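the following comprises the amino acid sequence and a computationally predicted model.
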Amino acid sequence: MKVFLRTLLLTLLAVTLTVPAACSRKREYPAAPAYRPLPNGEFPIVASYAFYPPYINDRQFEWVKEAGFNVIRKFLSPAETDSVLKYASRHGLYVTVAPWNIRDAANAPGIVKRYKGNPTVWGYSVADEPRASAFGNLAEVMAALDTLDPANNGFINLLPTLGSKTLEADDYEDYVTRFVEEVNPPFFSVDHYPVVTDKQGRPYVHEPFYETMETISKVSRESGRPFWSYIQSEKHGWYPAPSLPFLRFQVFSALGYGAQGLSYFTYLAPDFDKGKGEFTLSPIDAEGRRTPTWYMVRQVNSEVQALSDVFLGAEVVSVGHTGNRPVATSKVKNLPAPFRKIDSKGVGVMVSHLRNGGSDYVLVVNRDINAPQQVDIRLEGKPVTRIDGSGATSAFGGGKVEIEPGSYLLFKIS
């Protein structure tokens, strides 16, 4: 997912690192259109930027399936899309089709006629990172698609917090709320890749990430529609080479804020980078080969699917932070019983209280992507159930636990 890198680098210095005054305002949102979950009931994980010729073949589709993806997304020609649909159907995958001419509502009837009723199609990718001035046009496109093919989702991915001038809005909350009010999507997505490098090449967490997630999660809850999050899975610009801690941190931070779908950018080395080599170490490289990133992505995706009963359909009750809290976040408070205290020694952790299927869960994410962090968890009363990344459970009575860099702890309250 291309994030206007040059614009981003220029505008980050101007980002206001204070909680927007608009955060307290109440908005009246339109009733959300129906959101259609994956027909197979899995947690949606999208291989974004997959596939294009000459990589539309059985081997590549076997690999994307093996890596834990269940949806494919890429802007393609009609003939290329037809080929992708054929292979996706063969391998039990879904496709959000993305015709280049979809941004004009007048083209909606022809697009829908081509794809409506195809069981492999799971929605339409309409736009990526629109500014607020595009919302009127996008509303027309989304309304046309929903009228002509109500069985499928329209997909639009939003910008992260970049400053009002870039967003063409008063502030970030105004940008997101106006999008929901004016475009009225069934769900929405955001990309804010939090792991970046300083001038010496050392990775760190880009703090405005939390303002993005706080705002997106808040608008998602208040407007009654899910949100998805993009995951950076290649190296470019000031984004470092993927690692298991970096990937886990992105994924489980998003899940802790309530994300109901994940999209990886990129899965396949982007064709627009051909011959340049600026985008490297994506799961599949420019020669169609698996990289070390592919194996790391497979591991993290296996954990997400193993824990889908926790995260798919989860309600966010609260999110708090310990240690040196990022701007726009709250401290940990009102923990669900029997949790009495969660504290940390180091940078700090994110603590998310989730509710799903009548059960309560507590997710603790290490905000330090470079070093382990010790967490002190105090309980009062009966033990809770600890769940590991494979879904295996064990009793936990409290105490000090070390969390690996960027990793997490997950508990279920019995």
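In hand now; what should we look at?

just give me the neighbour total for the closest residue to Asp271 other than its chain neighbours.
The shortest distance from Asp271 to any non-neighbouring residue, by Cβ to Cβ, 6 or more residues apart in numbering, is to Tyr52 (5.2 Å). Quick note: C-beta positions are derived from backbone N, CA and C, even for glycine. By the criterion of other Cβ atoms under 10 Å, Tyr52 has 17 neighbours.

surely Phe179 touches Ser133?
No. Look at Phe179 against Ser133 with Cβ atoms under 8 Å: they stay out of range, at 11.6 Å.

by contact count, what packs against the helix or strand where Ile156 lies?
Element membership for Ile156, per DSSP states H and E: strand 154-158. Packing contacts for strand 154-158, counted by 3 or more Cβ pairs under 8 Å, 6 or more residues apart in numbering; DSSP states H and E, involve strand 121-128, helix 135-148, helix 172-183, strand 188-190.

got the ones you listed as a markdown table, with distance to Leu312, mean neighbour count and mean pLDDT columns?
What follows is those, written out as a markdown table (distance: least, Cβ to Cβ, whole Å; neighbours: other Cβ atoms under 10 Å; pLDDT from 0 to 100):
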| stretch | distance to Leu312 | mean neighbour count | mean pLDDT |
| --- | --- | --- | --- |
| strand 121-128 | 15 | 23 | 96 |
| helix 135-148 | 23 | 18 | 97 |
| helix 172-183 | 22 | 22 | 97 |
| strand 188-190 | 16 | 24 | 98 |
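
in JSON lines, list the ones you listed along with distance to Gly277.
Compiled in JSON lines, the helices and strands packed on strand 154-158 are given as follows (distance: least, Cβ to Cβ, whole Å):
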{"stretch": "strand 121-128", "distance to Gly277": "23"}
{"stretch": "helix 135-148", "distance to Gly277": "34"}
{"stretch": "helix 172-183", "distance to Gly277": "33"}
{"stretch": "strand 188-190", "distance to Gly277": "28"}
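
nearest to Pro99, of these?
strand 121-128 (8.0 Å; Cβ to Cβ).

can you give me how far that closest one is from the chain middle?
Centroid displacement of strand 121-128 relative to its chain, using Cα atoms, centre = their mean, to the nearest Å, is 16 Å.

do stretch 222-242 as well
The answer for stretch 222-242 is 5 Å, by Cα atoms, centre = their mean.

got any ranges where the protein has weak pLDDT?
1-26 (pLDDT under 70).

how about the helices in it?
5-11, 58-66, 78-90, 108-115, 135-148, 164-167, 172-183, 208-223, 244-256, 292-306, 308-311 (DSSP state H).

among the ones you listed, which is nearest Ile377?
Nearest to Ile377 among those is helix 244-256 (16.0 Å), distances taken as Cβ to Cβ.

put the alpha carbons of the closest one into PDB.
Extracted C-alpha coordinates of helix 244-256, given in PDB (Å, rounded to 0.1, in the frame of the first residue of the first chain):
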ATOM      1  CA  LEU A 244       8.900 -11.400  13.600                       C
ATOM      2  CA  PRO A 245       8.700  -8.800  16.400                       C
ATOM      3  CA  PHE A 246       7.800  -6.000  14.000                       C
ATOM      4  CA  LEU A 247       5.100  -8.100  12.400                       C
ATOM      5  CA  ARG A 248       3.600  -9.300  15.600                       C
ATOM      6  CA  PHE A 249       3.600  -5.800  17.100                       C
ATOM      7  CA  GLN A 250       1.700  -4.400  14.100                       C
ATOM      8  CA  VAL A 251      -0.900  -7.300  14.000                       C
ATOM      9  CA  PHE A 252      -1.700  -7.600  17.700                       C
ATOM     10  CA  SER A 253      -1.700  -3.800  18.300                       C
ATOM     11  CA  ALA A 254      -4.400  -3.600  15.500                       C
ATOM     12  CA  LEU A 255      -6.300  -6.500  17.000                       C
ATOM     13  CA  GLY A 256      -6.200  -4.900  20.400                       C
END
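
which neighbouring elements make contact with that helix?
With contacts taken as 3+ Cβ pairs under 8 Å, 6+ apart, helix 244-256 sits against strand 195-197, helix 208-223, strand 227-232, helix 292-306, strand 349-356, strand 359-366.

which among those is found nearest to Phe279?
Short answer: strand 227-232, nearest of these by Cβ to Cβ, at 10.8 Å.

count of residues packed around Asn370?
By the criterion of other Cβ under 10 Å, Asn370 has 15 neighbours.

what about it, distance to Leu244?
The gap separating Asn370 from Leu244 is 13 Å, by Cβ to Cβ, to the nearest Å.

if I pick Ser253, what's in contact with it?
Applying Cβ atoms under 8 Å, 6 or more residues apart in numbering, one finds that Ser253 lies in contact with Pro194, Phe209, Met213, Met350, Val365.
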